[in-house]
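Q: Attaching a predicted model along with its sequence, questions to come.
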Amino acid sequence: MATVWHRAKWLILPAIALGCTANASAPAAGGVAIAFAALEGTQACSATWNGTGTPPAAGADAVDRLTLRWTELDTGKSATASITAKEVASNGTWNVGVLPVSQQLQLQVYACTADNRVVWYGKGSDFVVKQGEDTTARVFMTPPGKLACAGNAGAGGTLQTPRAFAGGAALTTGNAIAVGGADKWDGTLAKASVATDIYDYKLGTWRAGPTLLAARIWPQVLPLDATHVLVAGGSARLQKTNNTLPITLFAPDDLSSAALVAPAAEVLDVQTEGAKSAAAVANIGSGVRPFASATVAGDTVVFAGGLGEDNKALATGARVRGLAEIANLGAGTTDALTLAAARVQPNVLAYADGAVVVWGGQVSAKAADFGELIDKDGKAGALLTVTGDAILTDPNAQAMGAAAVVLSEQGDVLTFFITGGIPVDAGWATGTPSYIVIVDRVARTAVCKKVALPADTVLPGGIGVAATRLDGGYILVSGGLLGLGKLASSADPQSQCQTDDQTKTGCLVSGFVLLAPPADLTPAQVAMTAVKIDGLSPMGPHFGQIAVALPVGAVLTGGLATVVSLPASATDAFDAAAQIVSAPFSAAANQAACKP
C-alpha cells in the first residue's frame, strides 16, 4: 500500500502537489501528486513526455476545475474538495483540507470542464494515511473515452525490451504485470525472454520486475496475493512452421517432455527488481504443456488442456491448492483432472468458490463438446447441455484460442463473452462469431447468444486476440492474427496477406474495438454497440499483444507488428510501447463527478 505524505511541509514536484491536513487524531499535512497522460507524440508512444502537473487548458476539453473525492474503505465515509484549474496552475499546490487517518483510503480525482464533463480521471484504492511518514500518494490521470500514452515525466512508458507473446495479468494491487514473451528472432526460431515488467497504475509507468528462472513464451500468469505471482508453463522457443501461406506462423519447436520449460512453475515477488524469482509448486500436471490454459479459482489454480508430445490435444488438467503456501514457496497440493473433451487453448472461467467452466478449444468439432463444468471439489469435467442454434449451427464457432471475458456471476449463473479464435474446421477466422454464453451450473446448461453488432463494426478475429473487461463493464478487444490452421478451399490468402511489402499488415488486425456492455441479455441475439475512441492513433497491427485491466481503463502493450516477409532478424517487428484506453463517462456520471 502507498502511504500518504503526512508531515507539515510541501512537496514541489513536476506535477500538481495536493496538500492535505489530517484529522484531529493526526494533526499533520499530507500530499498527493498528479500527472496527466500524454495525448500527443509518436503513434507508438515512444517519445512522449507525460509528467506535467498543469491541467490541460486548451480547446473544448480545457480543464475548468478539479475535484478530489476520498473514501475510507473500512468505514464507507467519504468527502470531497475542489479547486479551479487557474488556482492550481498559479501556485502548483492544493491544500484540500482534512484527510482522515485510514488503513485503506480510496482517492478519486476528476478534472472537469466548465460544462461539467470529466475530461481526465484517476484513482487509487490502497493509500494509507499515517502520522509522521514522508511519502506521497500519486494519481495518474487518463482521459475517459480516449487513447493515451503510458509513461510519466519522459520515462517508464515502455517495456524493458520489445517483445511479443508475453503473459499478462492484473495484480490485486491494481497494477499490471507482463511476463516473458519472445524478444529474439533469427529467421527460424523466436526465442523467449526472462524479463518481467510491472505497470504502476498510480504513476502511469513501467518498471523492471524480477527475472524469470526460465525464459517463457505465452506463460500462464496467476496472481497469488498482493505481492506474489505464479508463472507456469509456456514454451522456450517457437519455430517458423512449414505452410503454404505468405505469412510467418509459429509453433513450439519441440513438444517432447525433455524440452518442456523447467522449472514447470515459479513464484515472482513483484516487489523486487531484477532479482531472480524462486521455484515452487512440486507438480502442476499437464499445466506445463504448451497451449494449456489456466485461471485462479477461489484458493486454487486450475489448468486445462494443451498439446501433448504427440502434437495431439490433451483431455487432462490439474487443480493446485494452497495458494498462500505457494506464495511462501511451498509446494501446495495437486489433483489431476480429467476433461470430458480434448482441448487446445480453451477458456477457463472461474466461479468465486473455485468451480470452473472450460469452454472451447475442443478439437472434436462436435457442438456437444463446446463446454464442461468442473465442480470446486470435482476431479472430472461434465459436459454442459448447450443450446443456441445461431452458434451451434455455425462451424466457425467451434474454435481454439478464442478470447473470453467474464461479464457477471450471479449465484449459480456465470455469463461471459467469447470472440476470436481459429475454427477447428475452417482456415480463416474472419467469420468467427462473437457470442455470449450463460452457464447455469445447477442445471448443467449453457445458452449461447450471438452478438449483433452495427454494420460498421467488425470485431478482430483469429488467434492472439487480446480482450479484457474495463471498469463500467466495457469490453476491450484488440489485435490478432486472422488465419491459422487448415485453409478452406475458398480462401484466398494471397489477397489477404500481401507479400510484396513487408510493412503491410497482411493478416494482422489493426487497432481495437471497445464494446459497451449489453443492456439486455434476454433476446436470442444480443445487441452490442462499439464506442468511438478519440485521442492517439492506435499502435497499429499487433499479434501477441497483451491487454490488462486497470482500476481505470486498461493497458495495451507488446506484440509483433508484422507476419509478412519477416526479415532474418525481426527485432524491430517486436513492440515495447504501451497505450492506455479508458471507458467513457455517461452523462449521469459526468454530472455526479462534476457538479459544483
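A: Perfect, thanks for sending it.
Q: rest of the way, CA atoms for contacts and neighbours
A: Will do.
Q: how long is stretch 109-126 from one end to the other?
A: This stretch, stretch 109-126, spans 15 Å end to end (Cα to Cα, to the nearest Å).
Q: Quick check: beta-bridge partners of the residue nearest to Ser277 when sequence neighbours are not counted?
A: Among residues not flanking Ser277 along the chain, Leu268 sits closest, at 5.0 Å (Cα to Cα, 6 or more residues apart in numbering). Counting by DSSP bridges, Leu268 forms beta bridges with Val229.
Q: can you tell me how far Leu268 sits from Arg343?
A: 28 Å.
Q: With Asn328 instead?
A: Applying Cα to Cα to Asn328 and Arg343 gives a distance of 32 Å.
Q: Between these two, tell me which one has more neighbours.
A: Using other Cα atoms under 10 Å as the criterion, Asn328 and Arg343 rank with Arg343 on top: 31 against 15.
Q: Identify the residues contacting the more buried one.
A: Arg343 sits next to Ala304, Gly305, Gly306, Ala313, Leu314, Ala315, Gly360, Gly361, Gln362, Val363, Met400 when contact means Cα atoms under 8 Å, 6 or more residues apart in numbering.
Q: What about the residues you listed, which one has the most neighbours?
A: For the contacts of Arg343, the largest number of neighbours (other Cα under 10 Å) sits with Gly305, at 33 neighbours.
Q: Now do the same contact list for it.
A: Going by Cα under 8 Å, 6+ apart, Gly305 touches 286-287, 291-293, 313-317, 339, 342-346.
Q: Cross those against helices and list the overlap.
A: Among these, no residue falls in helices (DSSP state H).
Q: one step back: pick out the lowest-pLDDT one from the contacts of Arg343.
A: Among those, Val363 has the lowest pLDDT, at 78.
Q: ok, back up a step: switch the contacts of Arg343 over to JSON lines, and while doing so, append secondary structure and distance to Gly167 to every line.
A: Formatted as JSON lines, the contacts of Arg343 follow (DSSP: H, G, I helix; E, B strand; the rest coil; distance: Cα to Cα, whole Å):
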{"residue": "Ala304", "secondary structure": "strand", "distance to Gly167": "17"}
{"residue": "Gly305", "secondary structure": "coil", "distance to Gly167": "17"}
{"residue": "Gly306", "secondary structure": "coil", "distance to Gly167": "16"}
{"residue": "Ala313", "secondary structure": "strand", "distance to Gly167": "21"}
{"residue": "Leu314", "secondary structure": "strand", "distance to Gly167": "21"}
{"residue": "Ala315", "secondary structure": "strand", "distance to Gly167": "23"}
{"residue": "Gly360", "secondary structure": "coil", "distance to Gly167": "20"}
{"residue": "Gly361", "secondary structure": "coil", "distance to Gly167": "19"}
{"residue": "Gln362", "secondary structure": "strand", "distance to Gly167": "22"}
{"residue": "Val363", "secondary structure": "coil", "distance to Gly167": "24"}
{"residue": "Met400", "secondary structure": "strand", "distance to Gly167": "18"}
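Q: can you list the residues that contact stretch 265-285?
A: The contact list for stretch 265-285, computed with Cα under 8 Å, 6+ apart, reads 198, 207-213, 227-233, 263-264, 288, 303, 317-320, 326-327, 329-334, 336.
Q: what about burial for these, which qualify?
A: Neighbour-count burial (16 or more other Cα atoms under 10 Å) applied to the contacts of stretch 265-285 gives 198, 207-213, 228-233, 263-264, 288, 303, 317-320, 326-327, 329-334, 336.
Q: number of nearby residues for Val413?
A: 16.
Q: With adjacent residues omitted, what lies nearest to it?
A: Of all residues not flanking Val413 in the chain, Asp440 sits nearest, at 4.6 Å (Cα to Cα, 6+ apart).
Q: how about that neighbour, what does it touch?
A: If you count contacts by Cα under 8 Å, 6+ apart, Asp440 has them with Asp412, Val413, Leu414, Ala446.
Q: Could you point out the bridge partners of it in the sheet?
A: Beta-bridge partners for Asp440, by DSSP bridges, are Val413, Thr445.
Q: Ok, Leu66 next?
A: Applying DSSP bridges to Leu66 gives these bridge partners: Ile83, Ala111.
Q: And it, what's its pLDDT?
A: On pLDDT, Leu66 comes in at 87.
Q: That concludes my questions; thank you for your assistance.
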